[in-house]
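K.L.:
Predicted model and sequence below, questions to follow.
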Amino acid sequence: MLKRKRSKYIFGIAALFLFGFNTFAQLDSTQKSSDTKVGLVLSGGGAKAMAHLGLLKIMDEEGLKPDYIAGTSMGAVIGALYAMGYSATEIQARMYAIPWADVMNNERPRTSLSFLDKQTEDRYALSFPVSDGKILLPDGINYGHHILNELDRLSVGFHHIDDLSQLQIPFICVATDLETGEGIVLDKGYLPDILRASSSFPTLFSPYELSERLLVDGGLVSNLPIFLLEDKGMDVLIGSDVQTILYKRKDLNSVLRVMEQLSSFVNAENYLSDTAKTDFLVRTEVPGAGISSFELMDSIVRTGYRAAEEYRPRIRELARLRNQSSAAKLEPVQTRNDTILIGNIVFPKSDLSTETYLRGKLGLAEGSKVSLDEIKRGVDRIWGSQLFRTVDFSLIPIDSISYTLFIRLDELNYLTHIRLGIHYDDDFQTAILLNYTHRNLLLKNSKLSLDAAVGVNPRFWASYTFDREFIPTVRISFRSHRFKSKIYVNQELADEKVYMDFSGEIALESAVYNRFLLSAGVQFENIDLNNTRSTSLSEESNENYLNYFASLKLDLLDRTVFPSHGVLFNASYRVLTKPETYDLDIELSSVLDLRYRQAILLKKNHTLEIKTVLMNTLGPDLDYPYNQFLGGLGENYINYMIPFVGYRFQELVGRNTVMAGLDYNWQFLNNHFLIGKANFATLESTFDKLFNSDVLLDGYGVSYAYLSPLGPLQLTFMGSTNHAKIYTYVNLGFWF
């Protein structure tokens, strides 16, 4: 437990107050000698703590190097970087490079998920962990995977230092024991762990376990921890404070503001006594900024610089008395080159996975040079297995040029989830999605997933898969659909059938770094078509099919909904047969299906999506369910049904298809989009006619979309030069 001690230099502080701060610059060398010890204390404040960089910039410009640095929360992060030897300008550059939007949430990047998880994870609006047969609260706590990895990379070159007094400038910070409420001094241990614990602000990050204590933000016990330096022999204490002591009622307009207010009561009580212990205090007020306002970083740093400018003469005099040059520059012991030579890779023992699997996910080789970005991507791929709360790393020097890469795993204590989703679209109407997912059922790195879409047109999916990276493995899956299939003649509805299918697949698959998926397998499918109109154009049918398929898929999209960059490519070949015709000399039919989608970020909030499809039927005509259909704007169609703006679902039908489309996405407000759509296609009886067809199909549309917590709400108006009708299309929720 921390105990505040009386200052050993209380007489010096009293003298400074007696003569006034304005006389500080008049002090001569008889009063302050070159061995004067200067301590620097930085408060917490989240994004507002970036104002500390203003003071640090002036200290750099005047050549004043502190002898000890103390801090809490984000003040501890900035103070630790300064203690490592980064200049204020370099710290600011590093802060700019951090993707704060990712840091502030607990989402696994889509690019880190296993290939099969990419196809399903965007379906669900809510997720409930299940442990010991009990459904827990939604897993919405930010375990801090992203911030922990950012702290790892910011401190590369210092991971081997266990005593923080051995940094270029001795450093110390504070956290709060969540169980006892005690302030815990942190000055020994792995630096990223220490900073993660000190900055665990409630509601932003989960508590952090360190040395068998459950720790949260140090600002809860002292947001300007002067007491940390009271027994360190400092002659002069400089404080930098960005905290808002207490908000007024009108400002308590968010959960974060309320939590910040609750955490400030103790600090408000101790504020005057704490600040009185500093020789001078740079107090920066940042109106309109909160603890998560990292988008205001430029303004916050400038405000901090202006606030610190008042104290430049005192800083200059301290630097002169300490015989420091304004050209003095701090440099870390280790190089800041982002390329690292990996001598060894060490994994801890895991109860949930195997080292072979983890090495495959990491994708790095011993004896190779890699960038910190490559390490982070490999770490994210392991985290994307969804077996761990966090995954991070440390780099410990082997010699002057190489490092041992230690992977650190924090395993989840539950591997089962119940998840929910909701969706409406004009094709399949409303459905509620219920999902049960159990990982590591029977075998490590396996996943059982059961989905049921309950609604007007019920659907069902089930799969049992293994994720073994590039090592081939078996996938077993089932699916069932029910919907109304429509036949149009001259744009008028001529027939309608109830389409029902049930299919099962066994496939051999191999994934490569979550990017490529090679598949080959067999599919049994039963399709039942029942007429709903008395004057039907075709007969009812119930047919069984035994199909053989092979596919190559590439998925690099950063997100499924409104991607900003990446590529999605799917090439498949399927041979379609009926078991009862095997004894007959019948030519087999097959379909080659190529689909390509690319998102290109043109400039901020402006994205172009390119979509192309090429489908070729080989052999005799296929049965109705395997025809090629164009129309509608759904993203969950089956078989050879392709969305095509300007036409209704299944309105166009053919045997061979080539299609190209463009979407221009403009995010004009946060989560609000305007989308312009255009596509062109030809449908012909033979492949040769596709590229010199006399009939060019086209379609155009404009959409407004709002990305709600339930998924996108999208309204589209569309038409075509081939007809005079204007259609609308509405969808709400994630696609499934």
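P.N.:
Structure's in. What do you need?
K.L.:
Strands along the stretch 101-250 of the chain, start to end?
P.N.:
126-131, 134-135, 171-177, 183-186, 208-210, 213-217, 236-241 (DSSP state E, counting those that start in this stretch).
K.L.:
got those as TSV, with distance to S87, mean neighbour count and mean pLDDT columns?
P.N.:
(C-beta placed from N, C-alpha, C; glycine too.) Shown next, in TSV, are the strands of the stretch 101-250 of the chain (distance: least, Cβ to Cβ, whole Å; neighbours: other Cβ atoms under 10 Å; pLDDT from 0 to 100):
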stretch	distance to S87	mean neighbour count	mean pLDDT
strand 126-131	43	16	92
strand 134-135	51	10	90
strand 171-177	16	27	97
strand 183-186	24	21	96
strand 208-210	28	19	94
strand 213-217	27	22	94
strand 236-241	16	26	95
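K.L.:
export those to JSON lines and tack on distance to T473?
P.N.:
Formatted as JSON lines, those follow (distance: least, Cβ to Cβ, whole Å):
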{"stretch": "strand 126-131", "distance to T473": "25"}
{"stretch": "strand 134-135", "distance to T473": "30"}
{"stretch": "strand 171-177", "distance to T473": "43"}
{"stretch": "strand 183-186", "distance to T473": "44"}
{"stretch": "strand 208-210", "distance to T473": "34"}
{"stretch": "strand 213-217", "distance to T473": "39"}
{"stretch": "strand 236-241", "distance to T473": "55"}
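K.L.:
quick one: low-confidence ranges for the stretch 351-500 of the chain?
P.N.:
Of all residues in the stretch 351-500 of the chain, none has pLDDT under 70.
K.L.:
actually the chain, sorry about that
P.N.:
Using pLDDT under 70, the chain drops low at 1-34, 138-140, 244-273, 323-338, 534-537, 583-584.
K.L.:
by contact count, what packs against the strand ranked longest in it?
P.N.:
Looking across the chain with DSSP state E, the single longest strand is strand 492-512. Applying 3 or more Cβ pairs under 8 Å, 6 or more residues apart in numbering; DSSP states H and E, we find strand 492-512 packed against strand 473-489, strand 516-531.
K.L.:
With L710 as the reference, name the closest of those strands.
P.N.:
Set against L710 and scored by Cβ to Cβ, those come closest in strand 473-489, at 21.6 Å.
K.L.:
which of the residues in that closest one are buried?
P.N.:
In terms of neighbour count (16 or more other Cβ atoms under 10 Å), strand 473-489 has its buried residues at 473, 475, 477, 479-488.
K.L.:
which strands and helices sit next to that strand?
P.N.:
So strand 473-489, by 3+ Cβ pairs under 8 Å, 6+ apart, packs with strand 459-466, strand 492-512, strand 516-531.
K.L.:
what's the closest non-adjacent residue to N344?
P.N.:
Using Cβ to Cβ, 6 or more residues apart in numbering and skipping residues adjacent in sequence, the residue nearest N344 is T404, 4.4 Å away.
K.L.:
is it true that that neighbour touches F347?
P.N.:
No. Applying Cβ atoms under 8 Å as the test, T404 and F347 come out as separate, 11.5 Å apart.
K.L.:
Take the helices and strands packed on strand 492-512 and write them to TSV, including distance to G46.
P.N.:
Putting these into TSV (distance: least, Cβ to Cβ, whole Å) gives the following:
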stretch	distance to G46
strand 473-489	44
strand 516-531	40
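K.L.:
who does R482 bridge with?
P.N.:
Following DSSP bridges, R482 is listed with bridge partners M500.
K.L.:
in the longest strand of the chain, what's buried?
P.N.:
495-497, 499-503, 505, 507, 509-511.
K.L.:
which SS class is L296?
P.N.:
helix (DSSP: H, G, I helix; E, B strand; the rest coil).
K.L.:
Can you get me a residue count around it?
P.N.:
16 (other Cβ atoms under 10 Å).
K.L.:
How about it, nearest residue that isn't a chain neighbour?
P.N.:
In space, L296 is closest to A289, 5.2 Å off (Cβ to Cβ, 6+ apart).
K.L.:
number of nearby residues for the one you found?
P.N.:
A289 has 23 nearby residues by other Cβ under 10 Å.
K.L.:
Show me the helices in this protein, by range?
P.N.:
10-19, 52-62, 74-84, 88-97, 100-103, 115-118, 145-154, 191-198, 255-275, 297-309, 312-321, 355-362, 372-383 (DSSP state H).
K.L.:
What is the second one packed up against?
P.N.:
Which is helix 52-62. helix 74-84, helix 88-97, strand 236-241, helix 297-309, helix 312-321.
K.L.:
ok, 7 Å please
P.N.:
In terms of contacts (3 or more Cβ pairs under 7 Å, 6 or more residues apart in numbering; DSSP states H and E), helix 52-62 is packed against helix 74-84, helix 88-97, helix 297-309, helix 312-321.
K.L.:
any residues touching the first one, and which ones?
P.N.:
It stands for helix 74-84. Contacts of helix 74-84 with the rest of the structure, by Cβ atoms under 7 Å, 6 or more residues apart in numbering, involve 42-46, 49, 52-53, 56, 69-71, 91, 94, 154-155, 158, 167-169, 171, 173, 191, 195, 198-199, 218, 332.
K.L.:
Can you list the buried residues in that helix?
P.N.:
M74, G75, A76, V77, I78, G79, A80, L81, Y82, A83, M84.
K.L.:
The second one too?
P.N.:
Within helix 88-97, the residues that count as buried by 16+ other Cβ under 10 Å are A88, E90, I91, Q92, R94, M95.
K.L.:
List the contacts of the residue nearest to L557 when sequence neighbours are not counted.
P.N.:
Residue nearest to L557 in three dimensions, not counting chain neighbours: G566, with 3.8 Å by Cβ to Cβ, 6+ apart. By Cβ under 7 Å, 6+ apart, the contact list for G566 reads L556, L557, D558, A599.
K.L.:
Between those, which sits nearest S240?
P.N.:
The nearest one, if we look at the contacts of G566 relative to S240 and count by Cβ to Cβ, is D558, at 37.4 Å.
K.L.:
and the closest one, how many neighbours does it have?
P.N.:
Counted with other Cβ under 10 Å, residues neighbouring D558 total 14.
K.L.:
which other residues reach stretch 605-623?
P.N.:
543, 564, 576, 587-602, 628, 640, 642, 655-667, 687.
K.L.:
ok, so what distance separates the residue nearest to L296 from T303?
P.N.:
9 Å (Cβ to Cβ, to the nearest Å).
K.L.:
hmm, back to that, out of the helices of the chain, which is the most enclosed?
P.N.:
Highest mean neighbour count of the helices of the chain: helix 74-84, a mean of 29 (counted as mean count of other Cβ atoms under 10 Å).
K.L.:
could you check the angle strand 236-241 makes with that one?
P.N.:
130 degrees (axes from the mean of the first three to the mean of the last three Cα atoms, to 10 degrees).
K.L.:
Just the CA trace of helix 74-84, in PDB.
P.N.:
The C-alpha trace of helix 74-84 is given here as PDB (Å, rounded to 0.1, in the frame of the first residue of the first chain):
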ATOM      1  CA  MET A  74      -1.900   8.000 -20.600                       C
ATOM      2  CA  GLY A  75       0.500  10.200 -18.700                       C
ATOM      3  CA  ALA A  76       2.400   7.100 -17.800                       C
ATOM      4  CA  VAL A  77       2.500   6.000 -21.500                       C
ATOM      5  CA  ILE A  78       3.900   9.300 -22.700                       C
ATOM      6  CA  GLY A  79       6.300   9.500 -19.700                       C
ATOM      7  CA  ALA A  80       7.600   6.000 -20.400                       C
ATOM      8  CA  LEU A  81       8.300   6.800 -24.000                       C
ATOM      9  CA  TYR A  82      10.200  10.000 -23.000                       C
ATOM     10  CA  ALA A  83      12.100   7.900 -20.400                       C
ATOM     11  CA  MET A  84      13.100   5.500 -23.200                       C
END
